[in-house]
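Peer 1: The following comprises the amino acid sequence and a computationally predicted model.
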Amino acid sequence: MSGRSLMRPHRLIARLAGAYAVAYVVWLPLQAGIIRLVSGAAEKILLMIPSPQLITHLTSVGNSVLIHTYLPGAPQPLARLACDDLHVSAVLSLAMACAPPARTWMSRAKLIGIALLLIWAVMVAVCVVQVLIATEQHALSSLSIAIHTVDERSLLDYLLRKSSVVFVYLLPMMIFLAAYVSAWRKQDDGETPEQARSTNVPGCHALRRRDQGWRSAAALAGGLAAVAAMSLVPIEATRDDRIQGLRKVVALNPRSPDAYADLAAELEEAGGVDEALSTYGRALALQPQLPRARIAEGNILFRKGAYSEAAACYRDVLRYQPNNTTALQNLGSTSLNQERFEEARNTYEAVLRLDPNHVAALRNLSQTLIGLKRGCEALVYLERCMSLDVEAASDRTLLEERRVLNGRCGVRGSRDEREEGGGVR
């Protein structure tokens, strides 16, 4: 082994420091895009893991990953995972690939490409484990819900420790040793006589190197394509997967009203109305003052045509949340469907006093006033509704109603009613 193959320590340290500085400068503007690729791949893996399918998707925001879940009752961000530490280890691993000398730029590019694929794979694995742990911790702290068993939590803690060791220590060392051994073999390994004779053939050595380069380029291109496909192609968990996951959460948290409410909401979306109604009842038995469960129970009863029972649910919410506009709006709808127009009008006006731009209340109040034979006053609220909501403005039924009311009331009538009826604030 010659002196060229064994670099002196100070030269090695200098090359490593220079490689780290260059890698850091190159990596810095790419951080957000890399986190996007990592979070996209982690999302796909999470959907394939046989565990509760509670994470709807992951989104990258700068150097952080937002974890979206439907545990709070609707798909929304539950936790934010900071990924700054991942970049430090990634840059170090990349610097380790660049530090040893390389005979050609093709060799250097191939080594860097392989290092990037390894870095990405380990970053994805670490991200998956950290996302699962962060989801568990935030579910426990903010919702008082456990989503993994004790054994599963122990396994996740073990995997987090081991993956961190691999990413921080083992991966940079492995990449450096592979790069160093590759550089040494290319510099010091002698050729056999047969190889020497073959390389004397005109163009033989160049063709062989060209073929090797194309094969390496094709392999790296395939790896990068796989990364892009895994990171960017959308995959969603099925509703059955989410229901199975929520059933496990309920089994782990039999005293949690939120767990039952989450399961009931998913069952309702899947069309299992009767089971959803029963599950909402279990949530309310544990916590009678759970507004989202009581309102959802009322909504199911409303759709079944049980308006009196639905109204009782909404009134129950209003007893401890008198300014709940959703409960008020839905209570008004029960009165409207029973043609108790004066009662509905009072309820919708109460909603508009709390929220003057409540589109549903504006629309329903206009329908109520039409039922009371006060069409010109209804026109005021109908026009305000259509001015606030794009869908309402293009609704053919509402457009026809406005045309008819404009024809009946005329410009003067509409203006007089604006001055009179526009006072619900």
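Peer 2: Received it, and whenever you're ready, just let me know what you need.

Peer 1: contacts, neighbours, all on C-alpha from now
Peer 2: Fine.

Peer 1: Poorly predicted segments of the stretch 101-250 of the chain, please.
Peer 2: For the stretch 101-250 of the chain, the stretches with pLDDT under 70 are 102-105, 182-237.

Peer 1: Which residue ranges of the stretch 1-150 of the chain form strands?
Peer 2: Using DSSP state E, counting those that start in this stretch, the strands of the stretch 1-150 of the chain run over 55-61, 64-69, 76-82.

Peer 1: chain center to the second one, what's the gap?
Peer 2: Yep, that's strand 64-69 we're talking about. 5 Å (CA atoms, centre = their mean, to the nearest Å).

Peer 1: Dump that strand to CSV, keeping only the CA atoms.
Peer 2: C-alpha atoms of strand 64-69 as CSV (Å, rounded to 0.1, in the frame of the first residue of the first chain):
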residue,chain,number,x,y,z
SER,A,64,-40.7,21.0,9.7
VAL,A,65,-43.3,18.4,9.0
LEU,A,66,-47.0,18.9,9.9
ILE,A,67,-48.7,15.7,11.0
HIS,A,68,-52.4,15.8,9.9
THR,A,69,-54.9,13.5,11.6
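
Peer 1: Can you tell me what sits against that strand?
Peer 2: Contacts to strand 64-69, defined as CA atoms under 8 Å, 6 or more residues apart in numbering, come from residues 35, 39, 54-60, 75-84, 131, 135.

Peer 1: possible to save the strands of the stretch 1-150 of the chain as a markdown table with mean neighbour count?
Peer 2: As requested, the strands of the stretch 1-150 of the chain are exported to a markdown table (neighbours: other CA atoms under 10 Å):
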| stretch | mean neighbour count |
| --- | --- |
| strand 55-61 | 21 |
| strand 64-69 | 21 |
| strand 76-82 | 18 |
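
Peer 1: wait, which of those strands is closest to D151?
Peer 2: D151 sits nearest to strand 55-61 of all the strands of the stretch 1-150 of the chain, at 20.1 Å, using CA to CA.

Peer 1: What strands line up against that closest one, and which way round?
Peer 2: If you go by DSSP bridges, strand 55-61 pairs up with strand 64-69 (antiparallel).

Peer 1: any idea of the angle the partner strand forms with strand 76-82?
Peer 2: Using axes from the mean of the first three to the mean of the last three CA atoms, to 10 degrees, the direction of strand 64-69 lies 150 degrees away from that of strand 76-82.

Peer 1: Give the rounded mean pLDDT of strand 64-69.
Peer 2: Average pLDDT, strand 64-69: 83.

Peer 1: With stretch 257-271 instead?
Peer 2: In this model, stretch 257-271 has an average pLDDT of 88.

Peer 1: Please save the CA atoms from it in CSV.
Peer 2: C-alpha atoms of stretch 257-271 as CSV (Å, rounded to 0.1, in the frame of the first residue of the first chain):
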residue,chain,number,x,y,z
PRO,A,257,-65.4,10.2,24.9
ASP,A,258,-63.3,11.7,22.2
ALA,A,259,-62.2,8.3,21.0
TYR,A,260,-65.9,7.2,20.6
ALA,A,261,-66.8,10.5,18.9
ASP,A,262,-64.0,10.2,16.4
LEU,A,263,-65.1,6.6,15.5
ALA,A,264,-68.7,7.7,15.3
ALA,A,265,-67.8,10.6,12.9
GLU,A,266,-65.9,8.2,10.6
LEU,A,267,-68.8,5.6,10.7
GLU,A,268,-71.2,8.4,9.8
GLU,A,269,-69.1,9.4,6.8
ALA,A,270,-69.0,5.7,5.7
GLY,A,271,-72.8,5.5,5.8
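
Peer 1: For stretch 281-294, what is the spacing between the initial and final residues?
Peer 2: This stretch, stretch 281-294, spans 8 Å end to end (CA to CA, to the nearest Å).

Peer 1: Any idea how far it is from the middle of the chain?
Peer 2: 27 Å.

Peer 1: 45 is where my numbering starts, stick with that
Peer 2: Taking 45 as the first residue, the last one we looked at is stretch 325-338.

Peer 1: pull the longest helix from this structure.
Peer 2: The longest helix of the chain (DSSP state H) is helix 149-182.

Peer 1: gap between that one and the chain center?
Peer 2: How far helix 149-182 lies from its chain's middle: 19 Å, per CA atoms, centre = their mean.
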